[in-house]
Structure formats: structure tokens, C-alpha cells
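# I'll drop the sequence and a predicted model, then ask my questions.
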Amino acid sequence: MKFAHQSATIRQHGKGMIILETALETAGLTYVFPDGNGIKNIAFQVKRGEIYALYGGHHAGKSVLLQTIIGTLRPQAGTLQLFGNIDYQKERRRIGFVPQKPVTIGSLSPADMLRYFSSVFGTTEIHILDILHLNLKEKKAVRRLPLSTQRLVNLAVALLGNPDMIILDDPFSGLDKGECEHLLSVLNYLHEINHTTLLISGQDYTLLSRLASKYGVMADGKLLCELTAGELKESCQRCIKIRTPQLERAITILSQQFPDFEVLGHDLIRIFHCNEQSGEINTLLVHSGIEVSEIWLAGMEPTDYLLKMTGGAKSDSDDAK
Ligand SMILES: Nc1ncnc2c1ncn2[C@@H]1O[C@H](COP(=O)(O)OP(=O)(O)OP(=O)(O)O)[C@@H](O)[C@H]1O
């Protein structure tokens, strides 16, 4: 375990200001295949101790981005820093990688694979092997075992040497509910007990939300936005939106009765905790001589919000725009 070492993740600066160290930072990262697909100009940061989810649909560019980070694709432009060091090779060994399609080697069993990679990496240190529930007496080749076991073997390999950061490419794809639950508990354990930084790509918000503190939303090879888990929930919060050319007067009239509101633009406000009262609000404004151009119930489930943002869902007037 790395408690002493990891406590350096949070440092005291100046008069008590606390900043988190950066595990990974990219700027302008680009890798484009000859047909024009790939990733373009990706800038994001993962703080140490964070669980960062790269969310996006098929072909969004998640795998290409992760491959440029772990070094299997050489970026055509941009910079990459690991643990504050631009010298990538020096820090690469502090990252473990679990690919979407598990790596297997010939007829090697799980124990053989671990022995093999231990010799390659020069270490046998795996702190949490027991919680993976891998059967190391299994004689079958890893490639003949279920996908979930193959992925756990790859995770065990990634954990060799007790890395500071684990990157997992779409780790839940192809797993059933029970297997997803087991993987979630392993990853939560890694984060909470071992303080490992996690960067996880995926398409399933429901699963990612069980882990992630921050999201990077990808589509068409671009990073559309970054949101903390709190910001995402806030963006999706149920509310009533009102568009009016007389915004200031509307606020004066509404704020007594509905104090929980936010101004979103020169003619737009949203009011929270009043979802059943749109009729009442409309009447109040109209009777006060306020022109109401539009009034609607807004907000949606985070899954739908993300799908819509990435172009994966139908347009919906009951939205979180
Ligand atoms: N080896 C390759 N050669 C050519 N194009 C590729 C290659 N690998 C990926 N691409 C293209 O790059 C784009 C991004 O692919 P990527 O695999 O990163 O998507 P993804 O977000 O991981 O999606 P998925 O969840 O479906 O794996 C896609 O248009 C894909 O077809």
C-alpha cells in the first residue's frame, strides 16, 4: 500500500490553500488516421486520486486517446505530461493499462501470464490480487476463459508493480450485471484503499457514475466538455424555464415566492423546486403584465443529457439546455 507516498497527493500551499497534483495532462493531443478519423486537439487533466471517466459513444475517439496516452500510438501533435513530467518514458511505468480487448498469450494460464509479465516488468508486487478473486490454479489458457476473467487477468497484470494510475478502456463492455458489480467493487477498492488514480472510458453512464468524480465527454474525436459529477447532476436538475423580454420585472415578481432561481441569459431564467407550479407561475407573470415568450419544464436524466450532447439521442423539448 502507498499511504505515506500518496499523502503527498494533496499539498499545503501558501495560507492553507490545497491543490491536487496532476497525474495526467494533455494539450492539443492529435492522432488522425489517413481517412480523417481519430482524435483532434484534446486538452484535459486528471488529478491524482481522481476517478476520471471518458464518456462517449461508438467511434468517439476514446480508445485512440487512451492509446496515445499509453504510448501505443504516437501523437502527431500536442503534448502529454505524466505526473508533471514531460519526459514520458520516465513516468510510463507508473501507469497500468487494461485494454478493451484483453491481451492473452498463446496457451498461458492466468498464473503463467502473471509470471511472464512479472519477469518482463521485473516485479512480482501485486497488492490486491486477493480481491480480484482470480483462480490461479486454473490450467486453461486465458484466451479460453470468460471475457470477465480475461479482463481481470489483464487488470492483475496492470497492477504489477503497484502503479499510481490505472487506465481502463471500456472495461464493462461485454460483461454481465454480476461481473460489472465485481469489477466496480474492485475499482472502488483500488481507489479508496490503494488511492489509485483511475482513468476509465465507457459508454454506460449508469456504470461510470458509480465511480467517476469527473467526466470528459467525447464525440467525433473531440472532447466536447468536462464536468464534475456535481456539475452534471446540476445541469440535469428538474426546473421550470421561463423566457421573457421583461426579465428584471419578472425576477422581482417571482423571487418572493420562488427564491431558488438562476439567470441563464438576458431573457431566460430557471426556477428550481417548483415543478408542479408552472401554471401558477405563468398566471402570476401574465396577471402582472409580464410577457411570457416561453415557459417549460426542463431537466432530464444524466444518461439522456449525455446521449443528447454526443448526438446519441433524439431531440427533446423537455431538455436540460
Ligand atoms: N486502427 C485504426 N485504423 C483506422 N481508423 C481507426 C483505427 N482505430 C480507430 N479508428 C477510427 O478512429 C475513430 C475513433 O475510434 P475509437 O476506437 O477511438 O472510438 P471509441 O470511442 O473507443 O469507440 P468504441 O467504444 O466503439 O470502441 C473511429 O472513427 C475509428 O473508426
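Thanks, I have the structure now.

# residues in contact with Ile39?
By CB atoms under 8 Å, 6 or more residues apart in numbering, the residues touching Ile39 are Leu29, Thr30, Tyr31, Val32, Gly61, Val64, Leu65, Thr68, Gly221, Lys222. (C-beta placed from N, C-alpha, C; glycine too.)

# give the rounded mean pLDDT of stretch 269-285.
Across stretch 269-285, pLDDT averages out at 88.

# please apply the same query to stretch 202-220.
96.

# ditto for stretch 21-40
For stretch 21-40, the mean pLDDT works out to 96.

# and that stretch, anywhere near the ligand?
Yes. Using CB under 6 Å from any ligand atom, we find that stretch 21-40 touches the ligand at Phe33, Asn37, Gly38.

# mind putting those residues in JSON lines, secondary structure and neighbour count included?
Output for these, formatted as JSON lines (DSSP: H, G, I helix; E, B strand; the rest coil; neighbours: other CB atoms under 10 Å):
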{"residue": "Phe33", "secondary structure": "coil", "neighbour count": "11"}
{"residue": "Asn37", "secondary structure": "coil", "neighbour count": "14"}
{"residue": "Gly38", "secondary structure": "strand", "neighbour count": "17"}
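
# residues of the stretch 201-321 of the chain that sit close to the ligand?
Going by CB under 6 Å from any ligand atom, the residues of the stretch 201-321 of the chain near the ligand are Gln203.

# who touches the helix or strand Asp112 falls within?
In this structure, Asp112 sits in helix 110-121 according to DSSP states H and E. Outside of helix 110-121, the residues within contact range by CB under 8 Å, 6+ apart are 93, 104-105, 108, 124, 126, 134-138, 142, 145, 149, 153, 156-157, 160-161.

# so which bits of it are buried?
Pro110, Ala111, Asp112, Met113, Leu114, Phe117, Ser118 (16 or more other CB atoms under 10 Å).

# and what of stretch 97-105?
Of the residues in stretch 97-105, Phe97, Val98, Pro99, Gln100, Pro102, Thr104 count as buried by neighbour count, 16+ other CB under 10 Å.
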